[in-house]
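Trainee: One predicted model, sequence on top.
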Amino acid sequence: MKETVRALLGLDDDTAVMVRRLTCTEPGCPPVETVVAVLPMDGEPRRWTLHRPVEQITEDDLRAALLNPEHQSHQEPELTTPASPQPHDGRVPVTVLTGFLGSGKTTLLNRILTENHGMRMAVIENEFGEVGIDDALVLDSEEEIFEMNNGCICCTVRGDLIRILGALMRRRRKFDHILIETTGLADPAPVAQTFFMDDEIASQLRLDAIVTLVDAAHVMQHLDEEKPEGVENEAVEQIAFADRVVLNKTDLADESTLTEVEARIRSINAPVQILRARHADIDLRQVLDVGAFDLQRVLADDPSFLTETEHQHDTTVTSVGIELEGELDETRLNTWLGSLLRTKGVDIFRSKGILALAGEPKQYVFQGVHMLLDGTLGREWREGEPRGNKLVFIGRDLDRDALVSGFSGCLAVAGAAA
Ligand SMILES: Nc1nc2c(ncn2[C@@H]2O[C@H](COP(=O)(O)OP(=O)(O)OP(=O)(O)O)[C@@H](O)[C@H]2O)c(=O)[nH]1
């Protein structure tokens, strides 16, 4: 049916099609109806309701409905509530890892990929930033990893997510569990919605839990942030939708701060289980295959959860990605980054890079979260691999020209010439 919808509407490959069978209990409503939704990469989603079960819909019915503008539903359909997913019902569990920029999502992902829990994982990774860095930060493993770097998972690339899930469903014998790491700026609600909007996905995959990483040292600043009109605070949304909160980086906060952060988390999501952690060192049995996502609870808090498709991002938070050929002078680099993050670290939420230091045979992996910075040596540069640098900054009011010129000034050649 999806292929017929594609052909009739002349849809491109970037547009996702969803088909959902609904049982309607309202008086005067037919017992079963079918909703067809089309989600383009750009532009408004469209949906049609056909008042009969999917198996009785012919191509002519579809043609009549889809090509007649009067049949298009302008109102969101009243969806009846599907049953909450039950653990171990044969469907593949899906864990959504979310949390603000730099909170520890990749650290937890690497733990999951390297600990011996007996589950084979398929990983879908979405990254915010002009230059992709995360593929280099995720440890080498046997698992299949899908990158989605051309937009945010919760809006522009949701079609990509659906396509990747479709591809995974065709190979479901190869893994036991799916992990989705969102960007630090994602609203988890539309990602969760994906598992209830399409019958094929809902019949094979089960949203197991939304696990939200929280950076104990920086979360308050982001929860307190005033957002532009109509824009949700992502840090609040990520906690509100969590089935588990991993209160990470407890080494960077004292007990009274941790108690205060826990109280704040409870004020947003009272029943959530909070797990304190350092470097995401939690017992993985508390987050994987736990059957914790509860659709009834979500709908009680947010009745429009299944129908709302619109949301706005805070466009004042942007990224600057810089790719630079050549080798860097370590002293110049440390001086520049140290001073930059000391002076601008309130607005530079996250910085990270894979860099080539002069005379160093290994890659230098740089990580910054606000004013805290950390550098470690990664893998060796491979023979014939160009020794280049990739650096990304994410934050508010970023001055691209100043960042590019500051970074260029760290080149070893520029240093020698200066
Ligand atoms: N001190 C401290 N540092 C941590 C802890 N957990 C993670 N980090 C560091 O924090 C930085 C960010 O961690 P990531 O796991 O990359 O965070 P993330 O949420 O994946 O970041 P983005 O995907 O860029 O939003 C890295 O330098 C980590 O080594 C912790 O518990 N304590």
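Mentor: Yep, it's here.
Trainee: hang on, residue 354 packs against residue 389?
Mentor: Yes. At 7.2 Å, residue 354 counts as touching residue 389 under the criterion of Cβ atoms under 8 Å. Heads up, the C-betas are built off the backbone N, CA and C, glycines and all.
Trainee: ok, residue 273 - contacts?
Mentor: 243-245, 286, 292 (Cβ atoms under 8 Å, 6 or more residues apart in numbering).
Trainee: now residue 340
Mentor: Residue 340 is in contact with 348, 403, 406, counting by Cβ under 8 Å, 6+ apart.
Trainee: Out of those residues, list just those in helices.
Mentor: Among the contacts of residue 340, the subset assigned to helices under DSSP state H consists of 403, 406.
Trainee: returning to that earlier point: now for the contacts of residue 273, which sits with the most neighbours around it?
Mentor: The most crowded member of the contacts of residue 273 is residue 245, carrying 27 neighbours; neighbours defined as other Cβ atoms under 10 Å.
Trainee: Quickly list what that residue is bridged to.
Mentor: residue 212, residue 274 (DSSP bridges).
Trainee: Contact distance from the ligand - what residues of the stretch 251-400 of the chain qualify?
Mentor: The stretch 251-400 of the chain comes close to the ligand at residues 251-252, 278-280, 350, 367, 369, 374, as judged by Cβ under 6 Å from any ligand atom.
Trainee: what do you get if the cut-off is 5 Å, keeping everything else the same?
Mentor: By Cβ under 5 Å from any ligand atom, the residues of the stretch 251-400 of the chain that approach the ligand are 251, 278-279, 367, 374.
Trainee: which among those residues gets closest to residue 383?
Mentor: residue 367 (26.5 Å; Cβ to Cβ).
Trainee: Just give me the neighbour total for residue 330.
Mentor: 18.
Trainee: right, and it touches residue 357 too?
Mentor: Yes. Between residue 330 and residue 357 there is a contact under Cβ under 8 Å: 5.0 Å.
Trainee: quick one on the thing from earlier: so which of the contacts of residue 340 would you say is closest to the ligand?
Mentor: Taking Cβ to the nearest ligand atom as the measure, the ligand lies nearest residue 348 of the contacts of residue 340, at 12.2 Å.
Trainee: So for that closest one, what's the pLDDT?
Mentor: The model reports residue 348 with a pLDDT of 96.
Trainee: same thing with residue 31?
Mentor: pLDDT, residue 31: 66.
Trainee: could you pull out the helices for the chain?
Mentor: Using DSSP H, helices in the chain cover 2-9, 59-66, 105-114, 134-137, 158-170, 188-193, 199-204, 219-223, 234-240, 255-268, 295-301, 330-344, 400-408, 412-417.
Trainee: Can you say which of these is nearest to residue 321?
Mentor: With Cβ to Cβ as the criterion, residue 321 lies closest to helix 400-408 of the helices of the chain, at 9.7 Å.
Trainee: what helices or strands is the closest one leaning on?
Mentor: strand 317-325, helix 330-344, strand 388-396 (3 or more Cβ pairs under 8 Å, 6 or more residues apart in numbering; DSSP states H and E).
Trainee: The second one vs strand 388-396, what angle?
Mentor: Between the axis of helix 330-344 and that of strand 388-396 there is an angle of 10 degrees, by axes from the mean of the first three to the mean of the last three Cα atoms, to 10 degrees.
Trainee: now the most centrally placed residue in the chain, nearest residue through space, not along the chain?
Mentor: Central residue of the chain (Cα atoms, centre = their mean): residue 182, 1.3 Å from the mean position. Spatial nearest neighbour of residue 182, chain neighbours left out: residue 98 (4.6 Å); criterion: Cβ to Cβ, 6 or more residues apart in numbering.
Trainee: wouldn't residue 66 be in contact with residue 36 here?
Mentor: Yes. Proximity of residue 66 to residue 36 meets the contact threshold set by Cβ under 8 Å, at 7.2 Å.
Trainee: Those two: who's more crowded?
Mentor: residue 36 (25 against 19).
Trainee: Tell me the bridge partners for that one.
Mentor: Assigned bridge partners for residue 36, using DSSP bridges, are residue 19, residue 48.
Trainee: Could I get the contacting residues of it?
Mentor: 1, 5, 17-19, 47-48, 50, 62, 65-66.
Trainee: 6 Å instead, please
Mentor: 5, 19, 48 (Cβ atoms under 6 Å, 6 or more residues apart in numbering).
Trainee: picking up where we left off before, mind putting the contacts of residue 273 into JSON lines with pLDDT?
Mentor: Shown next, in JSON lines, are those (pLDDT from 0 to 100):
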{"residue": "243", "pLDDT": "96"}
{"residue": "244", "pLDDT": "97"}
{"residue": "245", "pLDDT": "98"}
{"residue": "286", "pLDDT": "95"}
{"residue": "292", "pLDDT": "95"}
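Trainee: circling back to that earlier point, buried ones among the residues of the stretch 251-400 of the chain next to the ligand?
Mentor: The neighbour-count test (16 or more other Cβ atoms under 10 Å) marks residue 367 as buried among those.
Trainee: Pick the one among the residues of the stretch 251-400 of the chain next to the ligand closest to the ligand.
Mentor: Nearest to the ligand, judged by Cβ to the nearest ligand atom, of those is residue 367 at 3.3 Å.
Trainee: what about that closest one, distance to residue 386?
Mentor: Distance of residue 367 to residue 386, given as Cβ to Cβ, to the nearest Å: 22 Å.
Trainee: repeat for residue 397
Mentor: From residue 397 across to residue 386, the span is 32 Å (Cβ to Cβ).
Trainee: Cool, thanks, talk later.
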